[in-house]
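**Student:** Generate coordinates for the sequence data below:
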Amino acid sequence: MTDRIITYPRAFITFATVVAVSVPVAFLASRSPFLALAGVAGVILYTVFLRWPMFGVLAVVFLLPFERIGAVDLAGITVRPSQVVAIALIAAWLTRSAWRGKLYWRPQPLLIPLCVYLTILGIGLTHAENLTRGLFVFAFTAFTLAVSILIPQLVRTEAQANRAVNVLLITTAIVSAFGLFQFLGDYAGLPPSITGLRDLYTKAVLGFPRVQSTALEPLYFANFLLLPLSLLTASLFSRVQRKGFFGLPLLLLAGLVLVLTVARGGYLAFGASVVVIIAFSLRQFLHPGRILAFGASILIVGVVAMQMLGGGTDAFSVQKFTGHITNLFTGASYEERVATFDLANQAFHEQPLVGIGPGQFGPYASINPSYEPKDGWKIVNNLTLEVLAEAGMLGLIALALAFAILIVRSIRAIRRARSPNPRALLVGGLAAVIGILVQYQTFSILYIMHVWVAVGLLVAFQNLVLAPPRE
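**Tutor:** As a prediction, this is how the structure comes out:
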């Protein structure tokens, strides 16, 4: 299979691209001069990406973890740098294609099921209780899915894939080091204005801080770490082990910070990722040196984490840590989850085919669906149930089909791979996606940029083996 050439009228696509760029900038300018500056920055990036689109991919990857620190709240809209870059990249890619008059389309097996899913969400908007929120969630979902579809069109060679992974490891090192600073700084008594921790995650709550780094919450940061940790672990069991800091030292640092997030779902997810990696690298795993290195890594991370957690504000920090991560079926958090599960099941039975509409679970669970509660809209904390509630059985089938295709195609590519580097990328990428799916059973925000960048990169890794570009 090779690139598919699609031709189309240049004038039409050029006009569409101009509209795609000008309308958002005009909207931002009408809301706030600061948003207008963000729009202007997007236009500047757009002109750069016209010439060097791969720079856009690398910029998006680098900015993935900066969703709280690095983001700006303007006129009721949270503007994240990765979003601005991604919008500029999409517009630049469309314009480049327009000037060429044709599109060299790389295989993207998820296009149809994801479009079907968006269609079902669109149908659900027709009976949304809070249409404004429904449109907002629909737009963000469509945008993040579009990023996953675009990435394989730009990451076309093994060298480009390696550059994207290297940038991912660089940004992982930065945010992991900052997360470690957060933990130590909070213990040392630094204020949240310096550490960047939200009040919910300082040592005043559990006796020890929970690392969130630049992310909104510890669970989101743990979810982001799944991709770099999986890629590093897969490389550990391959013949392309990464040298220097971006090998075992970074694996230890990121693994330590993952433990310090105290995110139970993150622990389960990375455990699932490791199982996948071992399953596809069993022959390499059954090597005394690699078993020793992996076992020593786990031991070092565990001992260091326990020592750090044991230095908390009281003598029972480790016991509190153990109790927190093992307390799955009691407490206020468990009771709240059970209540939201029941509400999601109720909503599903009211609209079993297409659901109650995108983003509508929060309004459905509120006293007044038109006004957001002070503590924010409720979520189900289980993606499967939330998709059932908001997109119905048809939406869940479409989304499940997309991930089933992704997994099956990854396995086929792994079996066909002859070069160790693409195979390691495939195993690590597949392990990360499966880990993300596991953690998604403990939270339920679908339109997260790093999730769909991981999906897009995995498709690009597949294409290296299954559909190499034409010479």
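
**Student:** low-scoring stretches of the protein, by residue?
**Tutor:** Within the chain, the ranges that satisfy pLDDT under 70 run 1-39, 74-77, 100-104, 241, 243-244, 311-334, 469-471.

**Student:** Select the longest helix from it.
**Tutor:** helix 383-416 (DSSP state H).

**Student:** Check which residues of the helix or strand following it are buried.
**Tutor:** Counting by DSSP states H and E, the next helix or strand C-terminal to helix 383-416 is helix 420-439. Residues 421-439 are the ones in helix 420-439 that count as buried (16 or more other Cβ atoms under 10 Å). C-beta coordinates here come from the backbone N, C-alpha and C atoms, glycine included.

**Student:** tell me the angle the longest helix of the chain makes with helix 420-439.
**Tutor:** Taking axes from the mean of the first three to the mean of the last three Cα atoms, to 10 degrees, helix 383-416 and helix 420-439 form an angle of 160 degrees between their directions.

**Student:** tell me which strands and helices helix 383-416 is in contact with?
**Tutor:** When contacts are defined as 3 or more Cβ pairs under 8 Å, 6 or more residues apart in numbering; DSSP states H and E, helix 383-416 sits against helix 111-124, helix 331-350, helix 361-364, helix 420-439, helix 449-466.

**Student:** okay, those in JSON lines with distance to residue 399 next?
**Tutor:** Output for the helices and strands packed on helix 383-416, formatted as JSON lines (distance: least, Cβ to Cβ, whole Å):
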{"stretch": "helix 111-124", "distance to residue 399": "5"}
{"stretch": "helix 331-350", "distance to residue 399": "14"}
{"stretch": "helix 361-364", "distance to residue 399": "16"}
{"stretch": "helix 420-439", "distance to residue 399": "11"}
{"stretch": "helix 449-466", "distance to residue 399": "11"}
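
**Student:** Which of the ones you listed sits closest to residue 200?
**Tutor:** Relative to residue 200, the nearest member of these by Cβ to Cβ is helix 331-350, separated by 12.3 Å.

**Student:** and that closest one, what does it pack onto?
**Tutor:** Helix 331-350 packs on helix 361-364, helix 383-416, going by 3+ Cβ pairs under 8 Å, 6+ apart.

**Student:** let's see 10 Å
**Tutor:** Helices and strands touching helix 331-350, by 3 or more Cβ pairs under 10 Å, 6 or more residues apart in numbering; DSSP states H and E, are helix 317-326, helix 361-364, helix 383-416.

**Student:** So for residue 110, which of those sits nearest?
**Tutor:** helix 383-416 (4.8 Å).

**Student:** How far does the longest helix of the chain sit from its chain's centre?
**Tutor:** 16 Å (Cα atoms, centre = their mean, to the nearest Å).

**Student:** With stretch 303-313 instead?
**Tutor:** Distance, centroid of stretch 303-313 to centroid of chain: 29 Å (Cα atoms, centre = their mean).

**Student:** Only C-alpha atoms, please: export it in CSV.
**Tutor:** Provided in CSV are the C-alpha atoms of stretch 303-313 (Å, rounded to 0.1, in the frame of the first residue of the first chain):
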residue,chain,number,x,y,z
VAL,A,303,12.7,2.7,47.7
VAL,A,304,13.3,6.3,46.7
ALA,A,305,9.5,7.0,46.6
MET,A,306,8.9,5.5,50.0
GLN,A,307,11.8,7.5,51.5
MET,A,308,10.4,10.7,50.0
LEU,A,309,6.8,9.9,51.1
GLY,A,310,8.0,9.0,54.5
GLY,A,311,9.4,12.4,55.1
GLY,A,312,5.9,13.9,55.4
THR,A,313,4.3,16.1,58.0
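
**Student:** Number of residues surrounding the closest residue to residue 113 other than its chain neighbours?
**Tutor:** Using Cβ to Cβ, 6 or more residues apart in numbering and skipping the chain neighbours, the partner closest in space to residue 113 is residue 402 (4.0 Å). Burial of residue 402 is recorded as 22 neighbouring residues (other Cβ atoms under 10 Å).

**Student:** just residue 297 next, same as before
**Tutor:** Using other Cβ under 10 Å: residue 297 sits among 16 other residues.

**Student:** Next up, identify which helix or strand it is on.
**Tutor:** When elements are assigned from DSSP H and E, residue 297 belongs to helix 288-309.

**Student:** what does that helix contact?
**Tutor:** With contacts defined as Cβ atoms under 10 Å, 6 or more residues apart in numbering, helix 288-309 is touched by 180, 183-184, 187, 206-209, 233, 236-238, 241, 248, 251-260, 262, 274, 277-278, 281, 284-285, 287, 317-322.

**Student:** Can you lay out the helices and strands packed on helix 331-350 as JSON lines showing distance to residue 198?
**Tutor:** Listed next are the helices and strands packed on helix 331-350 as JSON lines, based on distance: least, Cβ to Cβ, whole Å:
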{"stretch": "helix 317-326", "distance to residue 198": "17"}
{"stretch": "helix 361-364", "distance to residue 198": "20"}
{"stretch": "helix 383-416", "distance to residue 198": "23"}
